[in-house]
Every structure is written in C-alpha cells, then in structure tokens.
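Visitor: sequence first, predicted model second:
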Amino acid sequence: MSNTQMGLIIFLVVVAAIAFVLSRRTRQQSEKTQRGLGVWAERVVAADVGAPVLREAVRHNRDIRTLPEMLVSERHGLAGKPDYAVVDGKFYLPVEKKKRRSEWLRPSDQAQVWAYCLLLEENGYPTRGGEVRYANRSFEVPFGPAARSMVIGFLEEMRRWQQVPARQVPKREGPHCRNCKWRRNCAAE
C-alpha cells in the first residue's frame, strides 16, 4: 500500500469521524429541544423562547415557513407572538409555556392561546388550536368558530372599557372616610 493510499484512507476515516460527531451532536441538540419544549425541533416554526431552537428547526427542515417576528391583525387591533409554534401537517399550533404549575387550564391562558390562533389565521397560517404547557402538565386548546367569536368579543369589550372615563375619586369627607378600613389603600389618600 502506497503512502498516497494510506493518506487517503486516513483522510476518509477522519472525515467519517467528524461526520459522525456532528451528526450525533445535531441529534443531541434535537433531543434537548424535544425535552425542553416537548416537540422535536423539526416541527418548530417560531420560537420566542430562544433563537437556537428556531435555528435548529430550520437546519432540520429548510422548507418550513417560519412565522414573522410579530403577528399583527390590523382588523382586530391585536399583535403578539407565542412562546413557540409548531407545525402539525398543514396546521400551525401556538404553544404557551408557563413556569407555574396548574392542575387545570386557566381561562386567561386559554384566551391567550385563542388570541394567537386568531393572529395565525389573520396572517394566513391555518390553525386548529394550540397548547398551554405548565410545569407539571399540558392542556390542548381547540380553536374553532365559537372560540374565534369569544376572542373577538373579548377584544371588543376591552376596547369599550378603554373608552369609559375613569371613576371619580371619592372626596375625603365625613365620618365614612375617617373610619374606613380601606383608608390606607384608598385613591383619595
């Protein structure tokens, strides 16, 4: 065996070893993403919880349509971005990750996922719902016509409340104020 052949064999062995190490490292990163987020990196299309997750997803699947930096609906006066979003077939699913523990789905968290679903639809990303992940468990949040109507109703109600003038501050007069147990916290103080 000549020196050239031996050098070529050594070169190929080194290249194979490097490819193996990089492949293993990529798989470990994907597994770390899966443990941290609960999904494989290949399915992530948006990550407000960390750019490395999105870079990992793009590296796995270059054909994914990532979400914009901010989802905006001019029609409903709403803007936001979920902690991360995953693609499931043709649907985009917003996922909210909460640090607290909960044994039940909190209505405010459900409404937040619905708002992200509305934003996804308004920006041309089909959705069928999302998920809220607490520290101890996860809840699916379906999204359909009834949920869409509710979130639009919430938004309209919030706009109405913004237009209501602030209540008058009570005057500090008479024995009612002097003896009130809420006196220390009162806006009139």
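Guide: Looks like it came in fine.

Visitor: stretch 7-24 - what's its average pLDDT?
Guide: When pLDDT is averaged along stretch 7-24, the result is 69.

Visitor: 6 is where my numbering starts, stick with that
Guide: From this message on, residue numbering opens at 6, which makes the last subject stretch 12-29.

Visitor: quick one: low-confidence ranges for this protein?
Guide: The model of the chain has pLDDT under 70 over residues 6, 16, 20-22, 24-70, 169-184, 186-194.

Visitor: quick one, strands of it?
Guide: Using DSSP state E, the strands of the chain run over 49-52, 76-78, 83-85, 89-93, 96-102, 134-138, 143-147.

Visitor: redo these as a markdown table? Include distance to residue 10 and mean neighbour count.
Guide: Backbone N, C-alpha and C define where each C-beta goes, glycine included. Output for the strands of the chain, formatted as a markdown table (distance: least, C-beta to C-beta, whole Å; neighbours: other C-beta atoms under 10 Å):
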| stretch | distance to residue 10 | mean neighbour count |
| --- | --- | --- |
| strand 49-52 | 45 | 25 |
| strand 76-78 | 58 | 19 |
| strand 83-85 | 62 | 15 |
| strand 89-93 | 48 | 22 |
| strand 96-102 | 53 | 23 |
| strand 134-138 | 56 | 21 |
| strand 143-147 | 57 | 16 |
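
Visitor: can you lay out those as JSON lines showing distance to residue 13?
Guide: JSON lines is the format used below for the strands of the chain (distance: least, C-beta to C-beta, whole Å):
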{"stretch": "strand 49-52", "distance to residue 13": "40"}
{"stretch": "strand 76-78", "distance to residue 13": "53"}
{"stretch": "strand 83-85", "distance to residue 13": "56"}
{"stretch": "strand 89-93", "distance to residue 13": "43"}
{"stretch": "strand 96-102", "distance to residue 13": "48"}
{"stretch": "strand 134-138", "distance to residue 13": "51"}
{"stretch": "strand 143-147", "distance to residue 13": "52"}
